[in-house]
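>>> Based on what follows, work out the 3D shape:
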Amino acid sequence: MIRVKPSAGGQVNVTFVLSDPPPGHTSVVGCFNNWTPGRHRLVKRSNGTWSTAVRVDAGATLCFRYLASEGVWFDDRDVDLARDERGQLISV
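Here you go, the predicted structure:
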């Protein structure tokens, strides 16, 4: 699941949420963090989901994928988004 909420200064908060990530550490990696693994690690929440958030300019198109331990890349199977050769795309 992806949640987008307006923020101050023409930006939006984008929250990436997974209900059942693979074992080990999982991070969201994309154009917003220069494809840097581990920079936006998902954290377990009290409701049992795992999430992390980024702040980006409103109107941006983000490309992202999830990266689990041991180099396993995957997409959010619960979200039907456009894809290109790099991963899933979302316009915020």
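>>> What separation do you get for residue 67 and residue 21?
When distance is defined by CB to CB, to the nearest Å, residue 67 is 10 Å away from residue 21. Glycine gets a C-beta too; all of them are placed from N, C-alpha and C.
>>> same deal with residue 82?
Using CB to CB, residue 82 is found at 22 Å from residue 21.
>>> Mind telling me what element residue 46 is part of?
Taking DSSP states H and E as the definition, one finds residue 46 inside no helix or strand.
>>> For this structure, just list every one of the strands.
2-6, 11-18, 26-30, 43-44, 50-57, 61-68, 72-74, 82-84, 87-91 (DSSP state E).
>>> Pull up the pairing partners for the second one, direction included.
It refers to strand 11-18. Using DSSP bridges, the neighbouring strands of strand 11-18 in the sheet come out as strand 2-6 (antiparallel), strand 50-57 (antiparallel).
>>> okay if I get those strands as JSON lines plus mean pLDDT, mean neighbour count and distance to residue 72?
Shown next, in JSON lines, are the strands paired with strand 11-18 (pLDDT from 0 to 100; neighbours: other CB atoms under 10 Å; distance: least, CB to CB, whole Å):
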{"stretch": "strand 2-6", "mean pLDDT": "94", "mean neighbour count": "13", "distance to residue 72": "20"}
{"stretch": "strand 50-57", "mean pLDDT": "97", "mean neighbour count": "16", "distance to residue 72": "15"}
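>>> would TSV of those with distance to residue 14 be doable?
Written out in TSV, the entries for the strands paired with strand 11-18 read as follows (distance: least, CB to CB, whole Å):
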stretch	distance to residue 14
strand 2-6	5
strand 50-57	5
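>>> re earlier: ok, residue 82 and residue 21, which is more surrounded?
Each of residue 82 and residue 21 has its neighbours counted (other CB atoms under 10 Å); residue 21 has more, 17 against 10.
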